[in-house]
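Peer 1: Got a predicted structure here, sequence first:
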Amino acid sequence: MADIIANGQANGQAEQPQLVVQKIYVKDVSFEVPNAPHIFQEINETDQPQVQLNLGQKTTDLGNDLYEVVLSLTLTCTVGQRTAYLAEVEQAGLFGVAGFNENDHAGIIGSYCPNLLFPYARQTISSLVLEGGFPPFLLQPINFDALYAEQQRRGMGGDEVPATLNS
């Protein structure tokens with residue numbers, strides 16, 4: 001019997017690192033058009049719309065190597081001084097993360113997980129904008145590795161990954 005298992009280890013080997021995506025879901029979503037219907041005429045007749053993206057991340061340790069990572073996107077479109085629309089999405093995921101060293105673990109939570117969640121949030125934002133009566137809007141890819149590296153460089157411990165992007 002060479003395959004003796006003791007304390008979760010087979011053949012004396014250490015536990016292998018594991019990353020398991022258990023669930024990806026929309027935690028919260030909101031879409032507002034505060035100046036409808038007049039804003040639709042202004043978009044066609046006056047200034048070009050300006051779009052601003054605010055990005056955030058929050059992580060909750062649920063115990064037993066399970067983490068909830070929430071990627072928050074707030075997209076604000078203005079025409080002149082008036083808000084055309086405001087789209088907010090909290091895209092979340094449950095991730096099992098075990099057996100990694102501290103630096104790798106932090107990188108997975110701070111970069112890999114939001115990178116995995118982003119396409120889902122991007123699709124939700126795109127659908128909201130289109131169904132809200134506005135021209136299609138596709139968020140450009142975001143380099144979460146660079147955002148995480150900048151956060152580490154600044155010594156910003158914690159779970160927030162602040163970023164503001166303007167289009």
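Peer 2: That came through, no problem.
Peer 1: Just give me how far the helix or strand residue 146 falls within sits from the chain centre.
Peer 2: Assigned by DSSP states H and E, residue 146 falls within helix 144-153. Its chain's average C-alpha position is 14 Å from that of helix 144-153, according to Cα atoms, centre = their mean, to the nearest Å.
Peer 1: same question, stretch 32-45
Peer 2: That offset, for stretch 32-45, works out to 28 Å (Cα atoms, centre = their mean).
Peer 1: that older thread, now for the helix holding residue 146, which elements pack on it?
Peer 2: Here helix 144-153 touches helix 113-131, going by 3 or more Cβ pairs under 8 Å, 6 or more residues apart in numbering; DSSP states H and E. To be clear about C-beta, it is placed using only N, CA and C from the backbone, and glycine gets the same treatment.
Peer 1: Not counting its own residues, what contacts the helix it packs on?
Peer 2: 21, 24, 26, 29, 31, 57, 59, 67, 69, 71, 73, 75, 77, 85, 87, 89, 91-93, 95, 135-139, 141-142, 144-145, 161 (Cβ atoms under 8 Å, 6 or more residues apart in numbering).
Peer 1: rerun that using 7 Å as the cut-off
Peer 2: Around helix 113-131, the neighbours that count as contacts under Cβ atoms under 7 Å, 6 or more residues apart in numbering are 21, 24, 26, 29, 31, 57, 69, 71, 73, 75, 85, 87, 89, 91, 93, 95, 136-139, 142, 144, 161.
Peer 1: Give me the buried subset of those residues.
Peer 2: Neighbour counting with 16 or more other Cβ atoms under 10 Å marks 24, 31, 57, 69, 71, 73, 75, 85, 87, 89, 91, 93, 95, 137, 139, 142, 144, 161 as buried within these.
Peer 1: and the residues you listed, which of them are in strands?
Peer 2: 24, 31, 57, 69, 71, 73, 75, 85, 87, 89, 91, 93, 95 (DSSP state E).
Peer 1: Name the nearest residue to the second one, sequence neighbours excluded.
Peer 2: Pointing back at residue 31 there. residue 128 (4.4 Å; Cβ to Cβ, 6 or more residues apart in numbering).
Peer 1: pLDDT wise, what is that neighbour at?
Peer 2: With respect to pLDDT, residue 128 scores 97.
Peer 1: One more: the one 3 residues further on?
Peer 2: For residue 131, the pLDDT comes out at 96.
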